[in-house]
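Enquirer: Coordinates for the following, if possible.
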Amino acid sequence: MRKNIVFLLALMMVVLSACSGPDAPGGQSSEKQSEPVESGAVEAEADARPMVKVDGVVYADTGYKNAMVTCGTPDGEIKSAVEEGKIPANDDESNFGKGFAYQNWEKGYLNVRTDNGWTLFRDIKLKEESDQIPKWVGHFTAKVIQVEDHALMVEATEVDEAFSFKDLLTKPISLPTDHLENGGGGESTTQDLEGKSVEVYFGGEIKNTQPESSIPISLEEIYRISVK
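Expert: A predicted model of the protein is given here:
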């Protein structure tokens, strides 16, 4: 009798051992499966730019102001926000806060009104334009009339008629050389620049425009100075 009991116990242990393998009943692993990661979430973690979604399109901050805005009437407002660095999933949602007005612009672009004025946002799908300064950013062509220490004195020669500051550039303009790009790579230099033309990109705001003042014009925010 004792032998039969021992034999039955041993048989039960073999059966239980066979059922407790790596696969649970139904052919599924007993180990916890990791949740799939959506591709959008990975992309969002890698992009810290301010973004907003409007009418199904996600726009990212270009870092430039739109100097051609003539009407301050907004077309909508950002009503919700996600965490910084995330890509907004819903319309009228951003990753930098809510309550900001926006204005529809040309296809692929949107203006968002911040403390700095109307900032240009670009459709994130427009990869080919990511390195270009949009044409609505304040810019003009000027001739270098004098080279000073860490500064250029220039006179405006060509200004787009659409810019409201066109009629204010009536006297010399002082430009710091911090954003000077000579082209062709290498270190920027002011050598032999006198008499040459430069293209100036800036935020659209200028100071010291009074014609009776001898103080040269200065620009509030300069993005780039390119030698032509």
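Enquirer: contacts, neighbours, all on C-alpha from now
Expert: Will do.
Enquirer: So which residue is smack in the middle of this protein?
Expert: D61 (3.1 Å; CA atoms, centre = their mean).
Enquirer: Could you find the closest non-adjacent residue to that one?
Expert: Across the structure, with CA to CA, 6 or more residues apart in numbering as the measure, the residue nearest D61 apart from its sequence neighbours is F121 (4.4 Å).
Enquirer: So that neighbour belongs to a helix, correct?
Expert: No - according to DSSP: H, G, I helix; E, B strand; the rest coil, F121 belongs to no helix; its state is strand.
Enquirer: on that earlier part again, so the residue nearest to the centre of the chain touches W118, yeah?
Expert: No - taking CA atoms under 8 Å as the definition, D61 is not a contact partner of W118, at 11.0 Å.
Enquirer: Could you measure from the residue nearest to D61 over to F163?
Expert: Distance of F121 to F163, given as CA to CA, to the nearest Å: 19 Å.
Enquirer: same question, Y223
Expert: 17 Å.
Enquirer: Give me the below-cutoff pLDDT ranges for this structure.
Expert: For the chain, applying pLDDT under 70 flags the ranges 1-47, 182-188.
Enquirer: Can you tell me what sits against the longest strand along the chain?
Expert: Longest strand in the chain by number of residues, with DSSP state E as the criterion: strand 138-148. Taking CA atoms under 8 Å, 6 or more residues apart in numbering as the criterion, the residues outside strand 138-148 that touch it are 65-68, 152-160, 163, 190, 193-204.
Enquirer: ok, now stretch 211-220?
Expert: Surrounding stretch 211-220, the residues in contact under the criterion CA under 8 Å, 6+ apart are 169-175, 202-209.
Enquirer: Pull out the buried positions in that stretch.
Expert: Along stretch 211-220, these residues count as buried under the neighbour rule (16 or more other CA atoms under 10 Å): 216-219.
Enquirer: can I have it written out in PDB, keeping just the CAs?
Expert: What follows is stretch 211-220, C-alpha atoms only, in PDB (Å, rounded to 0.1, in the frame of the first residue of the first chain):
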ATOM      1  CA  PRO A 211      16.000 111.500 -39.700                       C
ATOM      2  CA  GLU A 212      17.100 114.500 -37.700                       C
ATOM      3  CA  SER A 213      19.200 112.300 -35.400                       C
ATOM      4  CA  SER A 214      22.800 111.500 -36.200                       C
ATOM      5  CA  ILE A 215      22.600 108.200 -34.400                       C
ATOM      6  CA  PRO A 216      22.500 105.400 -37.000                       C
ATOM      7  CA  ILE A 217      19.600 103.000 -37.300                       C
ATOM      8  CA  SER A 218      19.900  99.700 -35.400                       C
ATOM      9  CA  LEU A 219      17.900  96.500 -35.700                       C
ATOM     10  CA  GLU A 220      16.300  94.800 -32.700                       C
END
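Enquirer: is it true that D167 lies in a strand?
Expert: No - following the definition three-state DSSP, D167 is helix and is not counted among the residues of a strand.
Enquirer: Contacts only, for V112.
Expert: With contacts defined as CA under 8 Å, 6+ apart, the neighbours of V112 are 100-103, 118-121.
Enquirer: what's the closest of those to A81?
Expert: When the contacts of V112 are ranked by distance to A81 (CA to CA), F100 comes first, at 10.8 Å.
Enquirer: The closest one contacts T114, doesn't it?
Expert: Yes - F100 sits in contact with T114 when judged by CA under 8 Å, with a separation of 6.7 Å.
Enquirer: So which of the two has more stuff around it?
Expert: With other CA atoms under 10 Å as the criterion, F100 and T114 differ in neighbour count, and F100 comes out ahead with 17 against 13.
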